[in-house]
Each structure stands twice: as C-alpha cells, then as structure tokens.
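[1] predicted coordinates and the sequence they were generated for:
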Amino acid sequence: MGRLFGTDGARGIANKELTCELAMNIGRAAAMVLTENCDGTRPKVLIGKDTRLSSYMLEGALVAGLCSIGADVVLLGAVPTPAVAYLIRLYKADAGIMISASHNPFEYNGIKVFSRDGFKLPDALEAEIESIVLDKAKPFDTPVGSDLGRVTRAENAKEDYINHIISTVPYRLDGMRIGIDCSNGSASSTAEQLFTRLGAECFMLSDKPDGININDNCGSTHLENLQKFVVENSLQAGVAFDGDADRCLAVDEKGNVIDGDFIMAICALDLASRKKLSKNTAVGTVMSNMGFSRFCSDNGLHFVSTDVGDRYVLEAMLREGYNFGGEQSGHVIFLDYSTTGDGQLTAAQLLSLVNRRQALLSSMATLMTRYPQVLINVKVTNEGKLHFYTNQDIKNKIEDVKRQLGEDGRILVRLSGTEPLVRVMLEGLDKKLITRLANETAELIKERIGI
C-alpha cells in the first residue's frame with residue numbers, strides 16, 4: 001500500500017485531509033507522468049464523480065492541476081466508478097479519474113486513478129505520482145499559451161455506459177417488478193433508465209441526492225428500507241448500490257438479503273452451465289463465507305481465495321486467466337464485460353438470470369448454505385498493532401480455536417488496513433460455539449494489545 005494511494009485510491013475527509021491543494025497536485029503529477037508515457041502527445045484524462053458536495057470542489061482542483069501541465073480533460077459528470085473505467089477505452093483516453101469515497105459518509109471523499117486499459121493505475125506509476133506530490137521528486141512543469149490543457153464535457157457519457165451494460169445482458173427483464181436503492185449516489189443518474197430500458201417496472205428508493213445524503217441509512221450498507229419496501233409492495237426482488245455503484249447487494253421477494261457470496265454462487269453456477277466460467281473457477285477472498293467454498297466443491301467448481309480487497313481479486317483473475325470473482329460485500333467482477341466491480345452490471349446479470357429461469361430469487365439462493373459467522377472488532381494501540389503478529393498468547397489462542405473447530409469451522413484474525421483494529425472472524429456450524437470462541441479470542445487480544 002502506498003503513502004498516498006491506499007488499496008482503493010487516496011481518501012480522507014474532504015477539505016481537511018483531502019484538500020484542494022492535494023487534489024490539484026495529484027492532477028499535476030498525474031499529468032506529468034502521463035505525458036512521459038504518451039509519446040509526446042497531449043494526454044487525455046476523463047474525470048467522473050459521485051454526488052458528494054465536495055466532489056465539485058475536488059473536480060475543479062483536479063481540472064486545474066491537469067490543465068496546468070498541459071493535459072486535456074473530459075468531464076463525465078456524476079457517474080458510477082465502473083463507467084469511468086469503461087469509457088476510458090471507448091473514448092480512447094490515456095487515463096481516468098473517479099472522485100468518490102464509495103460507501104463512506106458524505107464528508108469523506110477520494111481520488112482513484114485508472115490507466116488507459118481501464119484497470120487500476122500500475123503500482124509503479126502510482127509510486128511515481130506519490131514521489132512527485134510528497135517528495136517533490138520533480139518540479140512541476142509550467143506550460144503557457146496554447147500548451148495549456150483544454151476542458152470539454154462528454155454529453156453522452158451516461159447513455160454510452162448504459163448501452164454497454166444493456167449489451168451484456170443475455171435475457172431481458174420484461175415483466176419483473178423490482179426495487180432499486182441508489183444510495184443517493186452515482187446510480188441515481190443511471191439506474192432507473194437502465195433497468196426500465198431492460199424491461200423492468202422500477203420502484204426507486206434513495207435516488208434524490210442533495211450532496212450530503214449519500215449512503216445516509218440507505219444503499220448496500222443499509223438494506224433495511226429496501227427489505228421492507230420489497231415485501232410490502234410484493235416485488236420480485238430489490239437491488240442496492242453503494243455511493244459510487246461499484247458494488248451491489250440484493251433482496252429476495254421475502255426480504256432476505258442476498259449478499260455477494262450468494263450472488264456469486266448463483267451466477268457462477270449459471271456461467272459454468274453455459275461453459276462461460278473460465279477454468280471453471282470463481283475467485284473470492286479470505287472473508288468469503290465457508291458456505292461458498294463448500295458450494296464450489298459440491299458443484300465441481302474451483303475456488304481461489306485472495307486477501308481482502310477487490311484489487312487482490314482482480315490481480316488473481318488477471319494473473320491466472322479467470323473471468324469471474326468478487327467479495328461478500330458485493331464487489332463482483334465479470335471480467336468479460338468490465339475491468340472493475342460494477343454494481344449495476346451485476347444486478348442486471350443476476351436479474352436477467354432470475355427472469356430467464358422464471359424462478360424465485362429465494363429458491364435460487366438455496367443452492368448455497370451460509371455458515372453462521374461472528375465478527376468482532378477490537379481496538380488496539382499503534383504499538384499493539386506492531387506486536388500483534390509476535391504475541392505468543394494470541395498465537396496459542398488462535399491455534400486452540402482451530403483445534404476446537406476442526407473441519408466444521410474456521411477462525412480468521414487480521415489487522416485492519418485502514419483503522420487501529422484487529423478483526424476477529426469465526427465461522428462454523430455451531431453458532432453458540434463460535435460466538436463463545438470469538439468473544440474469548442477478542443477478550444484476550446484486548447487484554448494483551450488493546451486499548
């Protein structure tokens with residue numbers, strides 16, 4: 001993880017940690033690095049944003065930075081993160097930037113850079129940008145006159161993105177009645193048109209962004225309203241996105257949550273049945289429910305596990321030639337259609353499958369059994385984080401828990417990459433047992449290295 005760019009871009013509280021000055025300097029440094037890799041031509045950079053109040057401010061700062069070094073900018077407006085990744089290739093741009101803090105509260109924001117192929121910027125280029133911004137490794141160039149960058153707007157950006165998703169859907173949604181929670185975020189600008197054009201009757205929730213209501217008790221991190229709405233209105237399903245619409249969770253007709261693991265199980269088995277699952281493999285993470293790995297084994301599919309984070313899922317897919325993977329949180333990657341997780345594409349694929357099978361989503365979800373899971377976060381000191389891997393009492397406790405669980409459960413204890421926390425996760429068939437063992441483990445960690 002870099003000093004400026006974490007696992008999912010540069011993030012922080014807007015105008016405090018992620019300031020205009022920092023955004024402008026990221027734009028300047030990105031333009032310099034891109035210019036060096038454009039064979040003397042002017043780099044063309046797309047900028048998309050979510051609906052946060054601060055996104056407009058940071059957009060202006062990035063535009064100023066990019067243009068001051070001579071890069072041309074194309075503004076996409078408020079669009080989903082995966083739209084930026086897709087449109088880079090369609091518009092033959094040299095890079096794309098998304099301004100968003102995903103599922104975080106509105107006061108946060110972030111800057112994520114994509115390369116010309118629609119993937120996350122290579123680590124080497126990120127490191128070069130970081131060295132220019134943080135270490136002043138190179139002075140900023142200052143062209144004048146006609147060498148300054150120009151700014152245009154892509155008037156058809158949303159339409160082009162919607163058309164792309166529609167082109168990937170094998171079976172329309174005619175006759176379906178669905179609820180759609182846009183989290184007052186990026187999907188507010190595209191979801192209703194997309195799913196209406198696919199033939200569904202759409203009932204919209206949280207699709208009126210005002211700059212501060214993004215992710216506010218809505219969307220994929222707060223499904224309660226959607227669950228209630230689907231049941232009360234006798235809908236066939238509901239789908240919910242996060243702030244930048246790169247993840248999707250679903251709700252069946254009974255109001256039950258269909259998380260990323262269930263979505264992956266349903267879609268992976270269908271892809272395999274149609275000979276469209278590369279190497280008969282689905283890629284998940286160490287946080288994927290044990291039920292998903294058991295599902296794969298029971299159905300003759302291979303399961304590959306990576307570290308937590310959709311970037312690690314994608315890296316494994318690209319490295320080994322897999323085309324399908326994702327996370328329990330709803331980041332699902334259909335690599336044949338998208339270079340990143342795409343919530344609306346995922347929803348379209350899932351609902352298309354449900355309609356083609358003329359089945360209830362609740363019945364389709366029975367193909368996987370979720371293992372009970374307990375997750376406890378333990379606050380630790382910075383010194384405690386340093387001693388986590390070397391504390392023998394903690395090591396012994398983890399090994400003891402593994403012996404007690406045997407093959408019917410597992411324990412995963414890891415440091416958070418973004419917060420001063422140790423995360424204790426247990427899964428197993430016996431909910432009472434894993435709850436007791438999770439509490440025992442968390443209490444020991446708190447005694448040894450906690451606050």
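    Arrived safely. Numbers count the residues shown, from 1 in each chain.
[2] any stretches of this protein with poor pLDDT?
    The chain contains residues with pLDDT under 70 at 1-2, 7-8, 40, 417-418.
[3] for D216, see how far away N184 is.
    7 Å (Cβ to Cβ, to the nearest Å). C-beta: built from backbone N, CA, C; applies to glycine.
[4] more neighbours: these two, which one.
    Shown here are N184 and D216; by other Cβ atoms under 10 Å, N184 has more neighbours (27 against 14).
[5] helix, strand or coil for the more buried one?
    Using DSSP: H, G, I helix; E, B strand; the rest coil, the structure places N184 in coil.
[6] report the separation between the residue nearest to I212 when sequence neighbours are not counted and K158.
    Spatial nearest neighbour of I212, excluding adjacent residues (Cβ to Cβ, 6 or more residues apart in numbering): F106 at 4.9 Å. Per Cβ to Cβ, F106 is found 22 Å from K158.
[7] for the helix or strand in which L444 is found, what is the distance to the chain centroid?
    L444 is part of helix 431-449, with elements assigned from DSSP states H and E. Helix 431-449 has its C-alpha centroid displaced from the chain centroid by 30 Å (Cα atoms, centre = their mean, to the nearest Å).
[8] which strands and helices lie in contact with it?
    Judged by 3 or more Cβ pairs under 8 Å, 6 or more residues apart in numbering; DSSP states H and E, the packing partners of helix 431-449 are strand 373-379, helix 382-387, helix 392-405, strand 409-415, strand 421-428.
[9] among the ones you listed, which is nearest G6?
    Of all the helices and strands packed on helix 431-449, strand 409-415 sits nearest to G6, with 14.1 Å by Cβ to Cβ.
[10] mind giving me the domain ranges of the protein?
    Using automatic domain parsing, the domain ranges for the chain come out as 10-155, 160-367, 373-449.
[11] figure out which of those is closest to R3.
    Nearest of those to R3, taken as Cβ to Cβ: domain 10-155 at 5.6 Å.
[12] how far does the closest one sit from the chain's center?
    Distance, centroid of domain 10-155 to centroid of chain: 19 Å (Cα atoms, centre = their mean).
[13] alpha carbons only: can I get stretch 222-237 in CSV?
    Extracted C-alpha coordinates of stretch 222-237, given in CSV (Å, rounded to 0.1, in the frame of the first residue of the first chain):
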residue,chain,number,x,y,z
HIS,A,222,-28.2,-0.2,5.0
LEU,A,223,-30.7,-2.6,3.4
GLU,A,224,-33.5,-2.3,5.9
ASN,A,225,-35.6,0.1,3.9
LEU,A,226,-35.3,-1.9,0.7
GLN,A,227,-36.1,-5.2,2.5
LYS,A,228,-39.3,-3.7,3.9
PHE,A,229,-40.2,-2.0,0.6
VAL,A,230,-39.9,-5.2,-1.4
VAL,A,231,-42.1,-7.2,0.9
GLU,A,232,-44.8,-4.5,1.4
ASN,A,233,-45.1,-3.9,-2.4
SER,A,234,-44.9,-7.6,-3.4
LEU,A,235,-41.9,-7.1,-5.6
GLN,A,236,-39.9,-9.9,-7.1
ALA,A,237,-36.5,-8.5,-5.9
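[14] could I get the buried residue list for that stretch?
    Neighbour-count burial for stretch 222-237 flags 222-223, 225-227, 229-231, 235-237 (criterion: 16 or more other Cβ atoms under 10 Å).
[15] what two of those are the furthest from one another?
    Using Cβ to Cβ, the buried residues of stretch 222-237 span at most 21.5 Å, a distance reached by H222 and Q236.
[16] on that earlier part again, compare F106 and K158 and say which is more crowded by neighbours.
    F106 (24 against 21).
[17] how about stretch 348-367 as CSV, C-alpha atoms only?
    This file holds the C-alpha atoms of stretch 348-367, laid out as CSV (Å, rounded to 0.1, in the frame of the first residue of the first chain):
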residue,chain,number,x,y,z
ALA,A,348,-28.5,-6.8,-14.5
GLN,A,349,-26.8,-10.2,-14.8
LEU,A,350,-28.5,-11.6,-11.7
LEU,A,351,-32.0,-10.3,-12.5
SER,A,352,-31.7,-11.5,-16.1
LEU,A,353,-30.9,-15.0,-14.8
VAL,A,354,-33.8,-14.9,-12.4
ASN,A,355,-36.2,-13.9,-15.2
ARG,A,356,-34.8,-16.4,-17.7
ARG,A,357,-35.2,-19.2,-15.2
GLN,A,358,-38.7,-17.9,-14.2
ALA,A,359,-37.7,-18.8,-10.6
LEU,A,360,-38.0,-17.0,-7.3
LEU,A,361,-34.7,-15.4,-6.1
SER,A,362,-35.3,-17.0,-2.7
SER,A,363,-35.3,-20.5,-4.2
MET,A,364,-32.2,-19.9,-6.3
ALA,A,365,-30.3,-18.8,-3.2
THR,A,366,-30.9,-22.2,-1.6
LEU,A,367,-28.1,-23.7,-3.7
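[18] list the contacts of that stretch.
    165-166, 168-176, 178, 194-195, 198, 200, 236-237, 239, 248, 250, 252-254, 256, 258, 262-263, 265-267, 269-270, 295, 299, 334 (Cβ atoms under 8 Å, 6 or more residues apart in numbering).
[19] which of those residues fall in strands?
    Of the contacts of stretch 348-367, the ones assigned to strands by DSSP state E are 178, 237, 239, 248, 250, 252, 258, 334.
[20] between these, which is nearest G145?
    G145 has its nearest neighbour among the ones in strands among the contacts of stretch 348-367 in F334, at 45.7 Å by Cβ to Cβ.
[21] looking at it, the closest one is touching Y322, isn't it?
    No: counting by Cβ atoms under 8 Å, Y322 is not a contact partner of F334; they are 11.3 Å apart.
[22] so what's the spatially closest residue to K385 that is not a sequence neighbour bridging to?
    Using Cβ to Cβ, 6+ apart and skipping the chain neighbours, the partner closest in space to K385 is L415 (5.8 Å). Taking DSSP bridges as the rule, L415 bridges to V422.
[23] contacting residues around the residue nearest to K446 when sequence neighbours are not counted?
    Sequence neighbours aside, V378 is the residue nearest to K446 in space, at 5.3 Å (criterion: Cβ to Cβ, 6+ apart). Residues in contact with V378 (Cβ under 8 Å, 6+ apart) are 421-424, 442, 445-446, 450.
[24] repeat that for 10 Å
    V378 sits next to 384, 413, 416, 420-424, 441-446, 449-451 when contact means Cβ atoms under 10 Å, 6 or more residues apart in numbering.
[25] and S293, by the same measure?
    S293 makes contact with 261, 282, 284, 301, 303-305, 371, 410, according to Cβ under 10 Å, 6+ apart.
[26] returning to that earlier point: let's have the domains of the chain in CSV, adding distance to L4.
    Below are the domains of the chain laid out as CSV (distance: least, Cβ to Cβ, whole Å):
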stretch, distance to L4
domain 10-155, 4
domain 160-367, 16
domain 373-449, 14
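[27] in the stretch 251-400 of the chain, which spans are helices?
    Along the stretch 251-400 of the chain, the stretches classed as helices by DSSP state H, counting those that start in this stretch are 260-273, 290-298, 310-320, 343-357, 361-364, 382-387, 392-405.
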